[in-house]
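Q: Sequence and predicted structure, then a few things I'm wondering about:
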Amino acid sequence: MAYKDVYDSWKADPEAFWMQAAEAIDWDRKPSKALFDDNAPIYEWYSDGMVNGCYNAVDRHVENGRGEQAAIIYDSPITHTKREISYVELRNRVATLAGALRAKGVEKGDRVIIYMPMIPEAIEAMLACARLGAVHSVVFGGFASSELAVRIDDCTPKAIIAASCGLEPGRVVHYKPLLDGAVEQATHKPDFCVIFQREQEVADLIEGRDVNWHGFQYGVEPAECVPVEGNHPAYILYTSGTTGAPKGVLRPTGGHLVALNWTMKNFYNVDPGDVFWAASDVGWVVGHSYICYGPLVHGNTTVVFEGKPVGTPDAGTFWRVISEHNVRSFFTAPTAIRAVKREDPKGEFIGKYDLSCLRALYLAGERADPDTIEWAQEKLDKPVYDHWWQTESGWPMVGNPAGLEALPVKIGSPTVPMPGYDVQILDDGGRPMKPNELGAIAIKLPLPPGTLPSLWNAEDRYRKSYLTTFPGYYETGDAGMIDEDGYLYIMARTDDVINVAGHRLSTGAMEEVLASHPDVAECAVVGVSDQLKGQMPVGFVCLSKGVNRPHAEITSECVKLVRDRIGPVAAFKLALVVERLPKTRSGKILRATIVKIADNQEFKLPATIDDPAILDEIKEALQTIGYAN
């Protein structure tokens, strides 16, 4: 069926659509219906079904004769390690780990924090929790003690599973002291901590609390899969909140299995047995959905990659992994491709590898600027699909459903809504906007299966954060427009739409223009306070490798470009060359933090910031134009 037929069939009968999709999952007890709306606007899916996430991701493939197929390919250029784990080996490892956790008292409904780097054991820990019906909460390895402590107090875990260390190019990140500090700071104390000792660093264990990953599994009875209700939480994943306090996004088991399984073929266009690679981290939603659960539930081989887009050892590492492991669909963040492009602007590394196995590159995590997409299209000679979703949704809301029908790509648009998502553009009063008008992007309730039903222990905060601005809708926090063909354009976060002398302008549109400058590798535009006009845009540009022209020359060209393409209304007069942009570890640019620095406002250092020293460089740059003094 073509995309429109599938989308229309969902719209005509959502209940039948999602019950049919649920047939692809193995249920211990099939649900009597798909949607449970007794407590609207808090909706649930498949609530009376019984199911197990680990069984669907691992055991059923072994039972169906796929046990010898690789489930995980581990590729770590940092440790020079490559190995494969078959589905049968994964089942045995996960069942033993789950048995060891059960022997120490972990059972259905208990929370377990996982604090690990990109190693197969992180996936095994997630699946072991799912096997028992325990609720895992993965915290990005290397998070500061104070941030980990907040999460310990919020989800009150019975156990914490951690590694002794993480590895970055040229340095070891000591996880164990961070974990010890977090447990010390937290009011809640876990019953025990499981430590996976990496050979690069063996940590000291605290007697009576810490157990060795291998030692505590010795001689235990492997655990069977525990069926849980369809609405039972599979995991809690913390996302940064506007107040600085993290929001624990809940993921219900049944809906996320159904939705992720549906996307693997219909969206990412892979068949069971194909190799799928999402170059992300288990600490982020992409790692949960498309390194762990999605590929494994669908019977794919998933790549667990411990490395960086550049520097491990060079800008060709992505292409090496794709070529060596026969990757069919590759998913990463635009910022990773920009890093590669900056190091290798001519794409010379791409020519060193045979990429005939690759069908398409998928980009998500932030806006994919046209320049990056065009570069990737030209150099790879493959389709490049931008798509848009959030931690809260758990799977793509808008994209190009290549497995159903590869729609024409419109650069700058992540394409069209997926079944389950009725996406609308609303004005401040909640009224629908006309095509091509900029407004708030909202999704008509109910959200589809696999999306968050609420926040962990914070239903009021869930309602306030997402459901109150536009009654009957989920507020995405993004701004954009829909064109006459139904294609969505994400222009900015709602708070990145700036008001210059009464004109609502998208910083994203200005970034697109700056990114088109031949010397610019990456850029960001923010609105800073201005007494006369309310706000003024300031552009920050990072230059491609090898550019050594005078900065003043480049910035004046940037100003002229924006003036020519957007017009004088943008009032774009200030551009600064900087070495780097402040980002989270997942690659999102910290625009709101830059604004606070410019406006001399207090700000909380984001827990997910990659390198805090960059903020000092941004402050110095702003001071040269009279801000941040």
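A: Thanks, I have it.

Q: drop to CA atoms for contacts and neighbour counts, all remaining ones
A: OK.

Q: and after the helix or strand containing residue 321, which helix or strand comes next?
A: In this structure, residue 321 sits in helix 317-325 according to DSSP states H and E. Of the helices and strands lying after helix 317-325 in sequence (DSSP H and E), the nearest is strand 327-332.

Q: starting at the chain centroid, how far to the helix or strand that that following strand is followed by?
A: Using DSSP H and E, the helix or strand that directly follows strand 327-332 along the chain is helix 334-343. Between the centre of helix 334-343 and the centre of its chain there are 17 Å (C-alpha atoms, centre = their mean, to the nearest Å).

Q: what comes into contact with helix 334-343?
A: 309-310, 315-316, 347, 363-369, 372, 375-376, 521-522, 543-545, 587-588 (C-alpha atoms under 8 Å, 6 or more residues apart in numbering).

Q: neighbours of residue 550, just the number please.
A: Neighbourhood size, residue 550 [other C-alpha atoms under 10 Å]: 8.

Q: Please disregard the earlier target; I meant residue 453.
A: 25.

Q: Which residues are in contact with residue 303?
A: Contacts of residue 303 (C-alpha under 8 Å, 6+ apart): 72-75, 275-278, 291.

Q: whoops, I mixed them up, residue 295
A: Contacts of residue 295 (C-alpha under 8 Å, 6+ apart): 261, 264, 276, 301-302.

Q: who wins for most neighbours among the residues you listed?
A: residue 276 (32 neighbours).

Q: Backbone dihedrals for residue 141, both of them.
A: Residue 141 has phi and psi values of phi -60, psi 130 when expressed as degrees, to the nearest 10.

Q: correction: residue 161
A: Dihedral pair for residue 161: phi -110, psi 120, per degrees, to the nearest 10.

Q: Kindly provide the distance from it to residue 150.
A: 17 Å (C-alpha to C-alpha, to the nearest Å).

Q: Mind checking which of the contacts of helix 334-343 land in strands?
A: Taking DSSP state E, the ones among those that sit in strands are 363, 521-522, 543.

Q: So which of those residues wins on neighbours?
A: Going by other C-alpha under 10 Å, residue 522 tops the ones in strands among the contacts of helix 334-343 with 27 neighbours.

Q: Show the pLDDT at it.
A: Looking at residue 522, its pLDDT is 92.

Q: ok, and the helix or strand in the protein with the lowest average confidence?
A: Least confident helix or strand, the chain: strand 503-506 with a mean of 71, by mean pLDDT, DSSP states H and E.

Q: could you point out which element follows that strand?
A: That would be, after strand 503-506 and using DSSP H and E, helix 507-515.

Q: helices or strands next to that next one in the packing?
A: Applying 3 or more C-alpha pairs under 8 Å, 6 or more residues apart in numbering; DSSP states H and E, one finds that helix 507-515 contacts helix 370-380, strand 488-493, strand 520-530, strand 534-543, helix 551-565.

Q: and these as a markdown table, adding distance to residue 453?
A: Putting the helices and strands packed on helix 507-515 into a markdown table (distance: least, C-alpha to C-alpha, whole Å) gives the following:
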| stretch | distance to residue 453 |
| --- | --- |
| helix 370-380 | 34 |
| strand 488-493 | 22 |
| strand 520-530 | 33 |
| strand 534-543 | 37 |
| helix 551-565 | 42 |
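
Q: looking at these, which one has the lowest mean pLDDT?
A: Mean pLDDT is lowest for strand 488-493 among those, at a mean of 83.

Q: Check what contacts the helix or strand just after it and list those residues.
A: Counting by DSSP H and E, the next helix or strand C-terminal to strand 488-493 is strand 497-500. Contacting residues not belonging to strand 497-500 are listed as 479, 504-507, 527, 533-537, 569-571 [C-alpha under 8 Å, 6+ apart].

Q: Now for these: which two are most distant?
A: Spatially, the most separated pair among the contacts of strand 497-500 is 479 and 533, at 21.5 Å (C-alpha to C-alpha).

Q: Comparing those two, which residue is more hemmed in?
A: A count of neighbours by other C-alpha under 10 Å puts residue 479 above the other of residue 479 and residue 533, at 23 against 13.

Q: Helix, strand or coil: sort out the more buried one for me.
A: Following DSSP: H, G, I helix; E, B strand; the rest coil, residue 479 is assigned to strand.

Q: who does it bridge with?
A: In this entry, residue 479 is beta-bridged to residue 440, residue 492, by DSSP bridges.

Q: wait, doesn't it sit right on residue 433?
A: No: if you go by C-alpha atoms under 8 Å, residue 479 and residue 433 don't touch, sitting 11.9 Å apart.

Q: any shared contact partners between these two?
A: residue 439.

Q: Report all helices and strands that the top helix by length along the chain contacts.
A: Using DSSP state H to define each element, the chain has its longest helix at helix 87-103. Applying 3+ C-alpha pairs under 8 Å, 6+ apart, one finds that helix 87-103 contacts strand 70-76, helix 120-132.

Q: The residue lying farthest from the centre of the chain: helix or strand, and which one exactly?
A: Distance from the centre of the chain peaks at residue 532, with 38.8 Å (C-alpha atoms, centre = their mean). Under the criterion DSSP H and E, no helix or strand holds residue 532.

Q: Highest neighbour count among the contacts of residue 303?
A: Most surrounded of the contacts of residue 303: other C-alpha under 10 Å gives residue 276, at 32 neighbours.

Q: gap between the closest residue to residue 397 other than its chain neighbours and residue 33?
A: Leaving aside its chain neighbours, residue 397 sits nearest to residue 389 (5.1 Å; criterion: C-alpha to C-alpha, 6 or more residues apart in numbering). Going from residue 389 to residue 33 by C-alpha to C-alpha gives 26 Å.

Q: Between the two, point out the one with more neighbours.
A: Per other C-alpha under 10 Å, whichever of residue 389 and residue 33 has more neighbours is residue 389, with 19 against 15.

Q: does that one really touch residue 396, like I thought?
A: Yes: using C-alpha under 8 Å, residue 389 makes contact with residue 396 at a distance of 4.8 Å.

Q: How about residue 6: what's its closest non-neighbour residue?
A: residue 419 (7.3 Å).

Q: quick one: what helix or strand has the one you found in it?
A: Secondary structure assignment for residue 419, by DSSP H and E: no helix or strand.

Q: Next, count neighbours for it.
A: Residue 419 - counted by other C-alpha under 10 Å - has 21 other residues nearby.

Q: Same check on residue 38?
A: Residue 38 has 9 neighbours, counted by other C-alpha under 10 Å.

Q: Which pLDDT does the model give it?
A: pLDDT at residue 38 comes out at 95.

Q: what does residue 194 give?
A: We note a pLDDT of 98 for residue 194 in this prediction.

Q: part of a strand, is it?
A: Yes: counting by three-state DSSP, residue 194 is found in a strand.

Q: Dig out what it forms beta bridges with.
A: Under DSSP bridges, the beta-bridge partners of residue 194 are residue 161, residue 211.

Q: ok, it - contacts?
A: 159-162, 210-213.

Q: re the thing from before, in ChimeraX, select just the buried ones from the contacts of helix 334-343.
A: Buried residues among the contacts of helix 334-343 (16 or more other C-alpha atoms under 10 Å), as a ChimeraX selection:
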select :309,310,315,316,347,363,364,365,366,367,368,369,372,375,376,521,522,543,544,587,588
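
Q: about what we covered before: go ahead and name everything in contact with the longest helix of the chain.
A: With contact meaning C-alpha under 8 Å, 6+ apart, helix 87-103 is reached by 58-59, 61-62, 66-71, 124-125, 127-129, 131-132, 216-217, 220-224.

Q: so residue 231 sits right up against residue 254, yeah?
A: Yes: between residue 231 and residue 254 there is a contact under C-alpha under 8 Å: 6.3 Å.
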